[in-house]
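give me a 3D structure for the following:
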Amino acid sequence: MHKTLNLKEVYDIILDTLKQIIGIKSASILMRNEKGGKLEAVASMGRGTGHEARVTKKYPLKLENKTIGEIRIHSLLPQKEKLTNEDNELLTILAGQAAVAITGAKLYTASSQSVVECMTDGVIMTDQNDEISVLNPAARKMLMYRRKNETGIVLTKELLKKARNFDLDQLLEEMRTSKQDVFTKEIKISNSYERILTVQMSQIKGEGEEPIGTVIGLRDITEEKHVERLKSELVSNVSHELRTPLTSIKNSTEILLNKIPGEINKDQQEFLNMTSRNTERLNTLIGQLLQFSKIESKRLKVNKKLISLQELCDRVLDRLKPQTLEKKITLKRYYRKPIPRIYADPDKIDELLTNLLGNAIKFTPEGGKISLSMDIMTSSKIPWMGESKASKKVEKSGKYVKISVSDTGIGIKPEDLEHIFDRFYRVDQSEHTVAGTGLGLTISKEIVQLHGGKIWAESEHQKGSTFNFVLPTIRRRKR
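Below is the predicted model of the structure:
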């Protein structure tokens, strides 16, 4: 009975021990009410048990000379004629151990409840029948639920659903369907005003790994979402305002470089080339900020059409060739098998390839090597694990086109590798002076996911990196 801190389980173990070891048919456990001191039945077994049932024998539950309750024996099993002196001694010892076990379980329950009550995050717990057993104050506040009673008939899923638009049944069903250890979802609660909550759900399992309940964590992210929206709007507005004068600067620079107004000397041409390069860099930065703004506001869309990836890759490679020649980088392409046409947004895939190849050029020193390879891959060989966002959008079956961009550049440290697709993440710049926003790979990941694919990176520090992404081929319908 000391193996568990669950109070109900402790009671059940005590009663089962009475039956199996002593031969008791019916018995009950009574505990003293802390307020009035009156004994109240908390657990029983067999017929005719309870506070008013006929009592054969009583055994007090004592802790430090204080009686906290008692075990009452009501009847014996047919093969047990009476309680012997040895039985009485054993029952007295059992009562002493039971008192310690019950007190320990009560203290654990009280401390656990106290922790849950004080948590700033909302906590809901359900039993194996999906009935709510715990709803802490933070959860009540988030759900705008005013009742104080946390258990029993007063608190029901149906009442929560009707009163506050919180469909617990649907969330539980989604969690079981997802088969994830921890299921996460954003929900909106509407009443006098709208709240946005992050819901995290996980099953509570027994010793045999069978589900015995569910714990649900709630976090109010309404204010965070509001701030994110303001930031996104600010970035979008500023980017749009910058783009107009930047376009004028770019056009004016090109006119001067083309010597339309007149001849320019060598120094003037050098300064104008510098202006042109930095203008292009600013233009790219603004484009990334606008794309990121669309991602944040869920406005980034794809316009799919039937395209040839091989032709698209060739166009991007040809466009970037001058940059590789400037750094004396060897650029190779490998198309291992005939690549089928796919449905994709050509502009978004162009941007994706430009991002990956552009990074490879930036981080590969002079005289290095870059390669772009394309092959067919089955879904079973794709590392889907950890791609929670994509898992909802991806049909993880069939064949995919795999494109890999490899370089012999500076590589990525293991501690940076798992974060490189995070927004605004920049690797340690002490080893290089390459500038950037830290958004290119974030945008690349979003583009791949919008196409139902997956992107990942492999790298060895100071030896080079390979960025891989897969896009689904056209599914053939079964006849």
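
now do the strands in the stretch 151-300 of the chain.
Along the stretch 151-300 of the chain, the stretches classed as strands by DSSP state E, counting those that start in this stretch are 183-190, 194-205, 211-220.

out of the ones you listed, nearest to Ile349?
Of all the strands of the stretch 151-300 of the chain, it is strand 183-190 that lies closest to Ile349, at 28.7 Å by Cβ to Cβ. Any C-beta I mention is one placed from the backbone N, CA and C, and that applies to glycine too.

domain assignment for the protein?
Following automatic domain parsing, one finds the domains of the chain at 7-116, 119-220, 225-296, 305-472.

just the buried positions in stretch 398-412, please.
399-412 (16 or more other Cβ atoms under 10 Å).

next one: it to chain centre, how far?
Its chain's C-alpha centre and that of stretch 398-412 lie 26 Å apart, by Cα atoms, centre = their mean, to the nearest Å.

how about that stretch as PDB, C-alpha atoms only?
Extracted in PDB, the C-alpha atoms of stretch 398-412 (Å, rounded to 0.1, in the frame of the first residue of the first chain):
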ATOM      1  CA  GLY A 398       3.700   7.800 -52.300                       C
ATOM      2  CA  LYS A 399       6.800   9.200 -54.100                       C
ATOM      3  CA  TYR A 400       8.500  12.600 -53.700                       C
ATOM      4  CA  VAL A 401      11.000  14.600 -55.600                       C
ATOM      5  CA  LYS A 402      14.100  15.200 -53.500                       C
ATOM      6  CA  ILE A 403      16.300  18.200 -54.200                       C
ATOM      7  CA  SER A 404      19.600  18.700 -52.400                       C
ATOM      8  CA  VAL A 405      21.900  21.700 -52.300                       C
ATOM      9  CA  SER A 406      25.400  20.800 -51.100                       C
ATOM     10  CA  ASP A 407      28.400  23.000 -50.500                       C
ATOM     11  CA  THR A 408      32.000  22.800 -49.200                       C
ATOM     12  CA  GLY A 409      31.500  25.900 -47.000                       C
ATOM     13  CA  ILE A 410      32.000  26.700 -43.400                       C
ATOM     14  CA  GLY A 411      29.300  24.300 -42.200                       C
ATOM     15  CA  ILE A 412      27.000  24.600 -39.200                       C
END
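
pop out the phi and psi values for the closest residue to Ala99 other than its chain neighbours.
With sequence-adjacent residues excluded and distances taken as Cβ to Cβ, 6 or more residues apart in numbering, Ala99 is closest to Leu61, at 4.0 Å. Backbone torsions of Leu61, given as degrees, to the nearest 10, read phi -100, psi 100.

one step back: tabulate the domains of the chain (CSV), appending mean pLDDT.
As requested, these are exported to CSV (pLDDT from 0 to 100):
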stretch, mean pLDDT
domain 7-116, 83
domain 119-220, 72
domain 225-296, 84
domain 305-472, 85
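
returning to that earlier point: which of the strands of the stretch 151-300 of the chain sits closest to Asn33?
Here strand 211-220 is closest among the strands of the stretch 151-300 of the chain (Cβ to Cβ), at 27.3 Å.

got the contact list for the closest one?
Residues outside strand 211-220 that contact it (Cβ atoms under 8 Å, 6 or more residues apart in numbering): 121-128, 130, 133, 138-139, 142-143, 168, 171-172, 175, 195-206.

list the buried residues of that strand.
Within strand 211-220, the residues that qualify as buried are 213-214, 216-220, counting by 16+ other Cβ under 10 Å.

quick one: the helices in the stretch 51-200 of the chain?
85-118, 137-142, 157-164, 168-178 (DSSP state H, counting those that start in this stretch).

report the distance from the first one to the chain centre.
It refers to helix 85-118. Worked out by Cα atoms, centre = their mean, helix 85-118 lies 38 Å from the chain centre.

show me what it is packed up against.
If contacts are counted by 3 or more Cβ pairs under 8 Å, 6 or more residues apart in numbering; DSSP states H and E, helix 85-118 sits against helix 7-17, strand 57-63, strand 66-76.

could you find the closest non-adjacent residue to the residue nearest the centre of the chain?
Central residue of the chain (Cα atoms, centre = their mean): Thr184, 5.4 Å from the mean position. Nearest non-adjacent residue to Thr184, counting by Cβ to Cβ, 6+ apart: Gln200, 5.2 Å away.

quick one: contacts for that neighbour?
Going by Cβ under 8 Å, 6+ apart, the list of residues near Gln200 reads 182-184, 216-217, 219.

closest to Leu230 out of those?
Closest approach between the contacts of Gln200 and Leu230, by Cβ to Cβ: Arg219, at 19.9 Å.

what residues does stretch 412-419 touch?
Here stretch 412-419 makes contact (Cβ under 8 Å, 6+ apart) with 420, 425, 427-428, 457, 459, 461, 465.

quick check: the nearest residue to Ile21 once chain neighbours are set aside vs Leu171, distance?
Distance criterion Cβ to Cβ, 6+ apart; nearest residue to Ile21, sequence neighbours excluded, is Leu90 at 7.2 Å. To Leu171, Leu90 is 49 Å away according to Cβ to Cβ, to the nearest Å.
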